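Chemist: Show me how the following folds:
(chains A and B)
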Amino acid sequence: MITATEFTPISGLAGGLLIGLSATLLLWANGRIAGISGILGGLITPSRGDTGWRLAFMIGLLAGGVVYSLATGGMDVDIQVSWPWMLVGGFIVGFGTRLGSGCTSGHGVCGVGRMSQRSIVAMCTFMLTAGLTVFAVRHGFGG
Amino acid sequence: MNTRFLTSLAAGAIFGLGLAISGMINPAKILNFLDIAGAWDPTLALVMGGALAVTIPAFRWVLKRSTPVLDGRFHVPSRKDIDLRLVSGAALFGIGWGLAGYCPGPAITALVTGLLPVLGFFAALVAGNWLASRL
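Modeler: Below is the predicted model:
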C-alpha cells in the first residue's frame, strides 16, 4: 500500500524549527541530548536517580501529540505495511538504535548539530539503508 | 516537582508538537521521502534542515557554558571512534525505518492515536532495544 502525500514545506520547516528549539532547551537547561532512543533506553534499563527527566520527556512527547490532535482534530497517520512488518520494523529499529547509540534525533538533530563524526557516519548509514530498503520493497520485487 | 522535570517535560512537548506539525508522525510521508524513485515527498529534508538550522549554531553557543543551567555537567557523548556497533546498528535502524516508516520519536507521539499497528511497533521497539542492551 502506498499513500500519496503532499510536499508541505512550511509546516515541515516550522516543525523542524520546533524540534531544534526543543533539543536546544534540553541541552541548555538539563545538559542532556534529545535523542529519543537514548532517553527511552534509559527507561528500559533504568538506573537509580536517572529516570524522572526521561519519563517527563516521554510524557511531553505524548502531550505534544494530544495538543496537536485537539487543536486540529486529529493526526494523519497512514500505516503503509501489514502487521507483521510493523512488528519486524519496530524490533529492528529498537535493536539498531540501541546498538548504534542513536536514531534520527540523537544522531541526526543533536549529533550532527554538534558536528560529531560518529553521528555524521551514523546518519549517512541509516539514510542509505533506509533508502535502499524502500527501493527494494517498492520497486525491487517485481514492482 | 523538580525544575529539571519541568524543563524536560516542556522540551518533550515542543518536540512532539514539532513532529506532529511537520507531519513526521505519518509513516507515509517518511516512506515517500525515502522513495526517491517514486512520488518523492521532500518534506523530511526541510524538517531536518529546520532542526539543524537551530541546533548547529545554538549548540555551539550552549556548549560554551561551563555547565547547563540545572545540572552540574553536560551529559554529551565523548567517543570519537567509528566502530562496528555504530555502523551496524545504524544500518539496521535504517532497514527497520525503511520497512515501517517510523523512527522512535514519531512512533511515540503517534501512540496517542491509539492505532494498534503503532502500539505493536512501539512494543517491538522496546523489545529490540532491551535485547540490544544485553549484548
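
Chemist: Chain A versus the residue most central in space within chain B, what's the distance?
Modeler: Closest residue to the average C-alpha location of chain B: residue B:105 at 4.6 Å, with Cα atoms, centre = their mean. From residue B:105 across to chain A, the span is 4 Å (Cβ to the nearest Cβ, to the nearest Å). Where C-beta positions appear, they are placed from N, C-alpha and C, glycine not excepted.

Chemist: which residues are contacting the strand or helix carrying that residue?
Modeler: When elements are assigned from DSSP states H and E, residue B:105 belongs to helix B:104-109. Outside helix B:104-109, the residues that touch it by Cβ atoms under 8 Å, 6 or more residues apart in numbering or on different chains are A:36-37, A:40, A:58, A:61-62, A:64-65, A:90, A:93-94, A:97, A:103-105, B:15-16, B:19-20, B:24-25, B:27, B:30, B:118, B:121-122, B:125.

Chemist: Can you report how many residues lie near residue B:36?
Modeler: Residues near residue B:36, counting by other Cβ atoms under 10 Å in any protein chain shown, number 11.

Chemist: Could you do residue B:63 as well?
Modeler: Count around residue B:63 with other Cβ under 10 Å applied: 15.

Chemist: tell me the contacts of it?
Modeler: Contacts of residue B:63 (Cβ under 8 Å, 6+ apart): A:27, A:114, B:74, B:76.

Chemist: related to what we said a few turns ago, indicate whether the next helix-or-strand element following the helix holding residue B:105 makes contact with chain A.
Modeler: Downstream of helix B:104-109, the next assigned helix or strand under DSSP H and E is helix B:116-133. Yes. Figure legend: helix B:116-133 in contact with chain A (Cβ under 8 Å from any Cβ of the partner chain); contacting residues B:117-118, B:120-133.

Chemist: that older thread, nearest spatial neighbour of the residue nearest to the centre of chain B, chain-adjacent residues omitted?
Modeler: Spatial nearest neighbour of residue B:105, excluding adjacent residues (Cβ to Cβ, 6 or more residues apart in numbering or on different chains): residue A:36 at 4.0 Å.

Chemist: Quick one, grab the pLDDT at that neighbour.
Modeler: You'll see residue A:36 listed with a pLDDT of 98.

Chemist: Return the residues in contact with it.
Modeler: Residue A:36 is in contact with A:61, A:103, A:105-106, B:15, B:103-105, B:108, counting by Cβ under 8 Å, 6+ apart.

Chemist: and the spatially most central residue of chain A, what does it touch?
Modeler: Chain A has residue A:104 as the residue nearest its centroid, 4.9 Å off, counting by Cα atoms, centre = their mean. Residues near residue A:104 by Cβ under 8 Å, 6+ apart: A:123, A:126, B:48, B:97, B:103-105.

Chemist: before we move on, what about residue B:132?
Modeler: Residues counted as contacts of residue B:132 (Cβ under 8 Å, 6+ apart) are A:94-96, A:98-99, B:89.

Chemist: from these, which would you call buried?
Modeler: Buried residues within the contacts of residue B:132, counting neighbours by 16 or more other Cβ atoms under 10 Å in any protein chain shown: A:94-96, A:98-99, B:89.

Chemist: Kindly indicate which of the residues you listed lies nearest residue A:16.
Modeler: Taking Cβ to Cβ as the measure, residue A:16 sits nearest to residue A:96 out of the buried ones among the contacts of residue B:132, at 23.3 Å.
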